[in-house]
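1. What follows is a predicted structure for the sequence shown.
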Amino acid sequence: MQALRARGLVKRYESTLAVDGVDLAMPAGEVRGLLGPNGAGKTTLLRMLFGLVRPDDGAIELLGRPLNAPFSIPLEGTGGFVEEPCFYPYLSGRANLELLAQLDGVDPGAVVDELLARVDLHGRAADRVSGYSTGMRQRLGIAAALLRSPRLLLLDEPTSGLDPVGARAVAELVRELSAQGVAVLLSSHLIGELENVCDAYTFLRHGRVVWDGSADRLAAEAPASAFTLHTSDDDRAAAIAAAHRGVRAGRSPRGALAVAVGPEGLDGFSLALGQAGVAIRRLELLVSPLESMFFALTADTEATLHELGPHELAERALAKA
Amino acid sequence: MSAAARHPDVPATATASPTGAVGRVFATERRKLTAQLSTRLLAVVCLAGPFAFAGILKVQSGTPSDSLLGVYVHSSGFAIPLVVLAFAGSWGFPLVAGVLCGDMFSSEDRYGTWKTVLTRSCTRGELFAGKLLAAMTFMTALVALVAVASVLAGVLLVGGQSLVGLGGALISPGHALALVLLSFLICLPAVLAYTSLAVLLSVATRNGIIGVIGPIMVALATQLIDLIGKGVIVHMLMVGSAFNAWTGLLTTTRPFFGPLIVSIGVSLAWIAASVAAAWRLVRSRDFAGTAVGARVGWVAPVRTVAIVVAVIAALALATDLGPVGITRARLTASMAPEFNQVTLLQQQLIGRAVPPDATFYIKPNCFKRAAVSVGPGDWTCTMNVFLPRPGRVAFERSPVDYDVSVASNGCYKAQSPPAFIGGQTMPDARGRSVVNPLYIVYGCFNVL
C-alpha cells in the first residue's frame, strides 16, 4: 500500500493554474523532498493533500483511503502542517497541544509531556504561545504533528526559524521516523537541509512535476557541481580548467577560484592539476548535485533538464558562486 | 528530538476518548471559550449586572417606568427580572451573542488556525457542529445565569411580594416566579437566533469586529423598525420578535399565545437559515493562505454589511405590509378591563371592601395623535367611568385621560396626569407608601 498517492491533481485560482496535473506516490517509510521555487505550487499541493483546498481535478489517497474533501477528511494517521504552524496565542504551548490531542481523541496525559520534551519546549510549556519565537512555534508544530503517531507526515518548511541545532534535530527525527515506517513528505527550499535526509525528490515548477525520482538517480543525472578551489597557483589552475573538457572556471566576487565540473570530470581535472605541479590545498563544495539540479530545473526558462547543455548548467552553478 | 520513545505502529488512539468527534470539538471550544477574558467578563456581567441594577434602584427613589412593570421595581422583587429581561431582549442578549460568538469562527482566520484544526481527526461538519453547539450552550448558560441572578437580586434586595401583572391583577409570588422563569425560557429561541446570526456574520465576513457588533446593529435596526409601520408581518419576522412574546403570559387576566407561538417559530426559522448559510460557506470554502484579516481584506465584510443594510432597508419599507396590528378597537378593548382591574386594586389597597367580581361601568375612547388611529406611537385614551349615584341621573360620568404609548408588539404604557388619579405613590390602608396602580398602567394585547 502506498502511503500517499495523488493522480492528476489540478488547482486553478482564477486565471492562475497553481497545480497542473501533478502525480505523486510515496511508499511507507520514504522521505521525499518536494522542491520548487516560490509559486511552484508546493503549498497548494500540500493544502490539497490535507483537504484544506479542493482540487479542481484529480484524486488523492492517504494511507489507502480516498480523500473526499470536504465532507470526509480521513486524516487519521496523517499529520503535519502547511506553511508556518499556527496556534491559539492566548493559550500555553501545553494547552494548545492538549487541545489538539483532545480533537484527535488522544488522551493528552503523558503524550503531551513526552512530545514537549522531545522538541525541547518543556521549559516553556506553561507560557502563552503569543510569547513564543518563530522557532519555538515551529517546534510546537512538529510536536503537534506527532501527537497522533502519524504514518504519513506532510511537513512544509519544518526547519524554518530553527537554529542549526534544531534543524539538525528535525533531520534526525525525520530519519528515525522513516526507519519506523513513517512516510515523510518534506517541502522546502532549503536544499542543503534536504540533501542528507531524503530518499527521493519531486521538483515542481509552474505547478507541474518537472523531475521525480530517487536520490541515487538524482546524483547520476545531476549536472555539474561547483566547488571553490584553493591551490598553490590559482591562475594556472584556472588556465588548466579552461583547457580541460567539461570543466568551467571563474572567479567568485571575493576572488576565489570556482569551478563547475561533473562527477566524471573531477578525477581527470585533479590529475591534470597534479601533473602540472599545482597542489590542491582545499576543495569546498559550493553547489551540490541537488542544488545544481534545482537551479537547472527551476530556472526561468521553459527548457527541461535534458534540453539544457552541461555548459549552461555549469554557468548557472557558477553564477551562484 | 528523538522518535524512539513512541513507535508509530502503536496508535495513540488506544487511549482515545470514547466521545464522538462533535463532542471532542465541543470540549475544545468550551476550553477555548473559558480561557478567554471576554467570556469571563460576560459571565461576571451576567451574574453581577442584575444585582448592581437592583442595588442602584434600592438606594434611589426613581423607577424605570418606561419599561414594562418598571414602576413596580420597589414594590415587588419579581419586577426586577422582568425589567432586566426587557432590557436584555432589546440590547443585552444581542450584545452578549456578538461578543461571545461573533468572533468564534473569524478568530480561526485571525490566528491562522483553521488549518491547524482542520488537519486533525475531525471533519469540517464535525468541527462546525461542535463549535455551534458550544456557542449555543454558552449562550443558554448565560441566559440562565441572568435569569437566576436577576430573580435572586430582586427577591433578596426588594422582596418576594406579589406582582401587579400586565392585566392589572395581582400575581402571587409563586406564580410570579414561575412566570418570570418561563419568560426567560421563552426568550431563549430569540437569543439562539441572535447567536446563529453572530456565527453567520463571523463565518461570512471572517472579521471579528463585524461579527461582534453585527448582532447589536441588527438589534438597533429592529428597535427602529418597531417604531414605524402598521403591519404585523415585518415586525413579527424580526429576529428578536420572541423577546416580546412573554408579555402574553403576564397578561394574566386575558393571556394570549398567538404571538408567542409565531415568534418562537420565527426564531427557529432564523436559526435554521443562519446555520444553514454559515455551514454552506464553511463547507465550500478553500482554506488557502495563512491569513487573516489583511489577506481577506474588507471585501467580504463590506459586501456582508451592504447585504444586511439592504435587507433592513427593504424591511423598513415593508413595515406596512400585512394586517394592521395596533387598532383603536384592540386598544380600547384592552384598556377598559385593565383600567377596571387597577381601579379595583387601588380600592383594595386603600382598604375598601371590593367584591371579587366587582366591575365599573367604563367606556374608553382612544384615538391616535395622527390622521389615522392605527399603528404604534402616541395615543390618547379617555376613560369614561360611570359611577352610580342616587337621584334622577343614575350615573355620573367621570372622565380620566391617559397618554398612551403603544409599541408595535401591542404593549403599552398609559400614564395620567396626577391631577386626575393622584401621584405615583399613595398611602395604603396601613399608611405605608405604595405604588398607585392607576398612575401608570401597563398592558398588552394580541396584535394577531
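-> Sure, I can see it. Numbers count the residues shown, from 1 in each chain, chains lettered A, B, ... in the order given.
2. where's residue B:276 relative to residue A:243, distance?
-> 77 Å (CB to CB, to the nearest Å). Yep, even glycine has a C-beta here, placed from its N, CA and C like the rest.
3. tell me which element whatever residue of the stretch 301-448 of chain B ends up closest to chain A is part of?
-> Closest approach of the stretch 301-448 of chain B to chain A (CB to the nearest CB) occurs at residue B:303, with a separation of 17.3 Å. Using DSSP states H and E, residue B:303 sits in helix B:299-317.
4. how many neighbours does the residue of the stretch 251-400 of chain B found nearest chain A have?
-> Taking CB to the nearest CB, chain A has its nearest neighbour within the stretch 251-400 of chain B at residue B:287, 4.1 Å off. Neighbour count for residue B:287, taken as other CB atoms under 10 Å in any protein chain shown: 22.
5. Confirm that it sits in a helix.
-> No - per DSSP: H, G, I helix; E, B strand; the rest coil, residue B:287 lies outside any helix segment and is coil.
6. give me every residue that touches it.
-> Applying CB atoms under 8 Å, 6 or more residues apart in numbering or on different chains to residue B:287 gives the contacts A:47, A:52, A:53, B:114, B:115, B:118.
7. okay, now the domains of chain B?
-> Following automatic domain parsing, one gets these domains for chain B: B:18-317, B:328-444.
8. Dump those to TSV, plus mean pLDDT.
-> Below are the domains of chain B laid out as TSV (pLDDT from 0 to 100):
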stretch	mean pLDDT
domain B:18-317	89
domain B:328-444	83
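9. Packed most tightly, which of these would that be?
-> Highest mean neighbour count among the domains of chain B (mean count of other CB atoms under 10 Å in any protein chain shown): domain B:18-317, with a mean of 20.
10. quick one: contacts for residue B:54?
-> Counted by CB under 8 Å, 6+ apart, residue B:54 has contacts B:73, B:77, B:80, B:150, B:153, B:154, B:156, B:157, B:158.
11. Taking the residues you listed together, which two end up most distant?
-> Largest separation among these by CB to CB: B:73 and B:156, giving 13.8 Å.
12. so which helix or strand takes in the closest residue to residue B:305 other than its chain neighbours?
-> Spatial nearest neighbour of residue B:305, excluding adjacent residues (CB to CB, 6 or more residues apart in numbering or on different chains): residue B:210 at 6.6 Å. Taking DSSP H and E as the criterion, residue B:210 maps to helix B:208-226.
13. helices or strands up against that helix?
-> Packing partners of helix B:208-226 (3 or more CB pairs under 8 Å, 6 or more residues apart in numbering or on different chains; DSSP states H and E): helix B:93-101, helix B:106-111, helix B:173-205, helix B:233-237, helix B:299-317.
14. Residue B:408: what secondary structure?
-> coil.
15. That should have said residue A:45, apologies.
-> Relying on three-state DSSP, one would call residue A:45 helix.
16. Skipping adjacent residues, who's closest to it in space?
-> residue A:19 (5.5 Å).
17. just residue B:433 next, same as before
-> What sits nearest to residue B:433 in space, not counting adjacent residues and going by CB to CB, 6+ apart, is residue B:425, at 4.8 Å.
18. burial of residue A:268, as a residue count?
-> Neighbour tally, residue A:268, other CB under 10 Å: 14.
19. any idea of the pLDDT on it?
-> Note on residue A:268: pLDDT of 87.
20. if I pick it, what's in contact with it?
-> Residue A:268 sits in contact with A:244, A:246, where contact means CB under 8 Å, 6+ apart.
21. still on that earlier bit, out of the contacts of residue B:287, the closest to residue A:262 would be?
-> Residue A:262 lies nearest to residue A:47 out of the contacts of residue B:287, by CB to CB, at 37.5 Å.
22. can I assume that closest one is in contact with residue B:288?
-> Yes - with contact defined as CB atoms under 8 Å, residue A:47 counts as touching residue B:288 (6.0 Å).
23. Now do the shared contacts for those two.
-> Residues touching both residue A:47 and residue B:288 (CB under 8 Å, 6+ apart) are residue A:53.
24. Now do the SS call for residue A:34.
-> State at residue A:34, reduced to three classes by three-state DSSP: strand.
25. ok, now which ones touch it?
-> Going by CB under 8 Å, 6+ apart, residue A:34 touches A:42, A:45, A:46, A:185, A:186, A:187, A:188, A:201, A:202, A:204.
26. And the helix or strand containing the fourth one, what does it pack against?
-> Yep, that's residue A:185 we're talking about. Element membership of residue A:185 [criterion: DSSP H and E] is strand A:183-187. Packed against strand A:183-187 by the contact rule (3+ CB pairs under 8 Å, 6+ apart) you find strand A:2-13, strand A:16-27, strand A:31-35, helix A:42-50, strand A:152-156, helix A:164-179.
27. how far does the helix or strand following that strand sit from the chain's center?
-> Per DSSP H and E, the first helix or strand lying C-terminal to strand A:183-187 is helix A:191-195. Remark: helix A:191-195 is offset 6 Å from the chain centroid, using CA atoms, centre = their mean, to the nearest Å.
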